[in-house]
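[1] Here is a sequence together with a model predicted from it:
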Amino acid sequence: MIIDSHAHYDDKQFDMDRKKVLEKVREKGVVRIVNPSGNIASAEKCLKLADEYDFLYTAVGIHPHDAMEFSDDALKKLREMSRHKKVVAVGEIGLDYHYDFSPREIQRTCFASQIRLAIELKLPLIIHDREAHKDVLDIIKAEKADSVGGVFHCFTGSAEMAREVLDLGFYIALGGAVTFKNARKPVEVARYVPSDRLLIETDSPYMAPVPYRGKRNDSSYLIEIIKKIAEIRNETPEQIAEATSINADRLFGLRLLEGEI
Ligand code: NI
């Protein structure tokens, strides 16, 4: 039993064979998937997917790349969409100073407003933090986001940064990067995070783990990430799968929801 805490099956890279891929993933033992959105159009697509696949859950939010799309109207739409039963978080939201696809000031406003929405809705956050660690933490603290908590997805920071994130009560999700040859920081973090605060993810269709690096990723490759983390932590893959599934269920309330659907 494994849970992929972060994948993007609404991505157009799956348009040709989405159903086939999701069936394969399910057969490989992936019991639940959280599929966050990146903008309003993507959120609409994600809600439809969540209706179609019982093991797929979603989150609504505007990614920093699309922060220019943010407006009062967009916020209203996100609020409306969040009423869907399978919306388990607000995300993915945050700051991306690596690509800087949107002006930083707008990214910050978009991020802070969506934290306020999450607090209003009592939903956890799925956070994207790329080369913006200080500003992400400053905004989280200023907005008191620790009251809802959440996860730093695809964590690429150091163990020291991980400590700050853990101190605020957030979870840390590791993905394909931990399997890369030159991985140093993710390996350090994989060793450091306590087992009750660790999540795993693929970020499909991106970030495929070794030996699939460079190919289209899907949740069945999660097993490679699990094996690598198990090796680093000197635990069994079963232990990693179990602990991370319990954590994802706890953070997003997935199992409770599954019982209701
Ligand atoms: Ni993502």
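    Great, that's in hand. Residues are numbered from 1 along each chain as shown.

[2] Quick check: closest non-adjacent residue to residue 9.
    residue 35 (5.4 Å; CB to CB, 6 or more residues apart in numbering). Placement of C-beta: from N, CA and C, glycine included.

[3] quick one: contacts for the closest residue to residue 215 other than its chain neighbours?
    Nearest residue to residue 215, sequence neighbours excluded (CB to CB, 6+ apart): residue 208, at 5.1 Å. Residues near residue 208 by CB atoms under 8 Å, 6 or more residues apart in numbering: 176, 202, 214-217, 221.

[4] Of those residues - the most surrounded one?
    With neighbours defined as other CB atoms under 10 Å, the most crowded of the contacts of residue 208 is residue 202; it has 28 neighbours.

[5] Go ahead and confirm it touches residue 218.
    Yes. Contact criterion CB atoms under 8 Å: residue 202 and residue 218 qualify, at 6.9 Å.

[6] shared neighbours of these two, which are they?
    Joint contacts of residue 202 and residue 218 (CB under 8 Å, 6+ apart) are residue 7.

[7] hey, where'd the strands end up in the stretch 51-200 of the chain?
    Secondary structure of the stretch 51-200 of the chain, counting by DSSP state E, counting those that start in this stretch: strands at 56-60, 87-96, 125-130, 150-152, 171-174, 198-200.

[8] What is the end-to-end distance of stretch 125-135?
    Distance across stretch 125-135, first residue to last, is 16 Å (CA to CA, to the nearest Å).

[9] For residue 123, grab the count of nearby residues.
    Residue 123: 23 neighbours (other CB under 10 Å).

[10] Quick one: find the helix or strand in this structure with the lowest mean pLDDT.
    helix 254-260 (a mean of 79; mean pLDDT, DSSP states H and E).

[11] got the buried residues for that one?
    Of all the residues in helix 254-260, those buried under the rule 16 or more other CB atoms under 10 Å are residue 254.

[12] Let the chain start at 25 from now.
    With 25 as the first residue, the last one maps to helix 278-284.

[13] Please name whichever of the strands of the stretch 75-224 of the chain is nearest to residue 274.
    Among these, the nearest to residue 274 by CB to CB is strand 195-198 (9.0 Å).

[14] For that closest one, name the packing helices and strands.
    strand 174-176, helix 183-191, helix 209-216, strand 222-224 (3 or more CB pairs under 8 Å, 6 or more residues apart in numbering; DSSP states H and E).
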